[in-house]
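A.B. asks: Just the structure for this:
(4 chains)
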Number of protein chains: 4
Amino acid sequence: MPRITIDQIEALCERDLPFAKTLGITVDDIGRGTAVVRLPYKSDLLRPGGTISGPAIMGLADFAVYVTVLSLIGPVELAVTTSLTSNFLRRPGPADLVAHARILKLGKRLAYGDVEIFSEAEEGEGPVAHVTATYSIPPQG
Amino acid sequence: MPRITIDQIEALCERDLPFAKTLGITVDDIGRGTAVVRLPYKSDLLRPGGTISGPAIMGLADFAVYVTVLSLIGPVELAVTTSLTSNFLRRPGPADLVAHARILKLGKRLAYGDVEIFSEAEEGEGPVAHVTATYSIPPQG
Amino acid sequence: MPRITIDQIEALCERDLPFAKTLGITVDDIGRGTAVVRLPYKSDLLRPGGTISGPAIMGLADFAVYVTVLSLIGPVELAVTTSLTSNFLRRPGPADLVAHARILKLGKRLAYGDVEIFSEAEEGEGPVAHVTATYSIPPQG
Amino acid sequence: MPRITIDQIEALCERDLPFAKTLGITVDDIGRGTAVVRLPYKSDLLRPGGTISGPAIMGLADFAVYVTVLSLIGPVELAVTTSLTSNFLRRPGPADLVAHARILKLGKRLAYGDVEIFSEAEEGEGPVAHVTATYSIPPQG
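C.D. replies: Purely as a prediction, here's the structure:
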């Protein structure tokens, strides 16, 4: 069982994560060390060329890894990103983006995971972006 | 002389970069292959712990490299990020962030640069984040 | 069918890749867009702490992505790495390392893939390292 | 004053870093939080295309950051790389490579720095590679 629920994440967004709330990110699924997170399409996510902007994609990925870390350690809000590497592979058109995240290593201090992001407009295609991230986990009391 | 002006960048933001516009990013200075870009503090940039959220910092860095690329190639809006790596070094408190970007390599197809981001609240301290990014430059007609 | 064989890769190593040859890297398997590559253990791969050194792991990963790119485009020796990001997750003890590489995006100019590296000494454990890499593909005549 | 000398680093290479020793890496200069490290050219560093191979460049960069970390914390051999990102910007011809490393953040547990690598054959050109790295610092007794 994951150590955090979709309801808990949504309450956390509402209360403390204005960035995710502004983007309108939702959680489709949480497993133990995995999560599926969605960025619903809206036109103000676009950049020149009619594709979804890099920062929106990075915000989605960062949030997806955050949820995935919390699925393993519980609602430790103060887990923070220490590094995040995004590779933009295809230009996503105007459609929802869906991020599939997993944790590859959970240590006492650091967690590391990756995220594949797909566009709902391009089913059967490969990911539009691939992101890796390291989170720092605060000491638990 | 840079090949784009602050006025041109601001018009571009207004018209085509809703993400930068929403964040309220402004340009302090543009050189040839360098730029200084500012993220004015506002409370909805915060995340748990009272620090500015990672996605806002990544959005600032991405925009700073974009401006820096355009300072060398002119107003080629369709230049796009192909990869961006962020390292978060210190947790920035509630204050403006200032990004100093430079291009380390401008090729025909790809440009690569890095960005040091400082908090105005922590003068004399090192950067709060260090970001590297590669941009893809579309073929010019 | 992959567009390059293990025999072709081994001839290429022998002739033109002294680095891989010195490390003693071998190819276990090549698919279409995938490869399994091995770094046989020897004591001069160690660094302080008795673990296999980072550069040896990065050399293995770089080679694994190279083979995987060639599995899709054929024996284009001049494909070169443009970026490579390594995350070291567990300290591998004295044993063979096995790298599983796949390509996530093959474009005309760039290919992007990732690699999970496992230690044969730690079966059932997660990867000791996760690596992502972008290769530049030269224009074909 | 740096907390480690060139003589100490060279003794460490000789004794415990076979990888750096095999590459023939030497230290030109150590400051406090900075280092200049050299990879002397030899033909078995080349890869197809007549340029110095990526793994040799990554090995040089990793070593340069290691020296730079030790310049701040003293001879803590068990400092280990947790991540390293290399961007290859120009193809270095057959000549010595010189790496200039600096630390951007030294924390209790993690140190982060970057490295610019220049070819002695291409004076006046920009760097052939830019590398960022995070090191983990073991707790001191």
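A.B. asks: and the spatially most central residue of chain A, what element?
C.D. replies: By CA atoms, centre = their mean, the mean C-alpha position of chain A lies nearest to A:Ala64, the distance being 1.9 Å. Assigned by DSSP states H and E, A:Ala64 belongs to helix A:54-73.
A.B. asks: Buried residues, that helix. List them.
C.D. replies: A:54-73 (16 or more other CB atoms under 10 Å in any protein chain shown). In this view, the C-beta of every residue, glycine as well, is placed from N, C-alpha and C.
A.B. asks: now swap in stretch A:20-35 and tell me
C.D. replies: Buried, per 16+ other CB under 10 Å, within stretch A:20-35: A:20, A:23, A:25-27, A:30, A:33-35.
A.B. asks: for stretch A:130-139, same thing?
C.D. replies: Buried, per 16+ other CB under 10 Å, within stretch A:130-139: A:130-137.
A.B. asks: is that stretch up against chain C anywhere?
C.D. replies: Yes. Applying CB under 8 Å from any CB of the partner chain, one finds stretch A:130-139 in contact with chain C at A:130, A:132, A:134.
A.B. asks: in its sheet, what does the host helix or strand of the second one sit against?
C.D. replies: The reference is to A:Thr132. Per DSSP H and E: A:Thr132 is located in strand A:129-136. Within its sheet, and counting by DSSP bridges, strand A:129-136 is paired with strand A:80-88 (antiparallel), strand A:110-119 (antiparallel).
A.B. asks: tell me the angle of that strand relative to helix B:54-73?
C.D. replies: 130 degrees (axes from the mean of the first three to the mean of the last three CA atoms, to 10 degrees).
A.B. asks: what residues does strand A:129-136 touch?
C.D. replies: A:57-58, A:61-62, A:65-66, A:69, A:79-90, A:92, A:109-117, C:85, C:87, C:104, C:112, C:114, C:130, C:132, D:82-83 (CB atoms under 8 Å, 6 or more residues apart in numbering or on different chains).
A.B. asks: from the middle of its chain, how far away would it be?
C.D. replies: 9 Å (CA atoms, centre = their mean, to the nearest Å).
A.B. asks: Ok, stretch A:5-13 next?
C.D. replies: 14 Å.
A.B. asks: Repeat that for stretch A:98-114.
C.D. replies: 11 Å.
A.B. asks: same question, stretch A:6-15
C.D. replies: So, by CA atoms, centre = their mean, the centroid of stretch A:6-15 is 14 Å from its chain's centroid.
A.B. asks: Please tell me I have it right and A:Leu23 contacts A:Leu60.
C.D. replies: Yes. Contact criterion CB atoms under 8 Å: A:Leu23 and A:Leu60 qualify, at 7.1 Å.
A.B. asks: Now the common contact residues for the two.
C.D. replies: A:Leu39.
A.B. asks: I'd assumed A:Arg102 was in contact with A:Val36.
C.D. replies: No. Between A:Val36 and A:Arg102 there is no contact under CB under 8 Å: 10.2 Å.
A.B. asks: Next to chain C, which bits of chain A? Give me the list.
C.D. replies: A:85, A:87, A:89-90, A:104-105, A:112, A:114, A:116, A:126-127, A:130, A:132, A:134.
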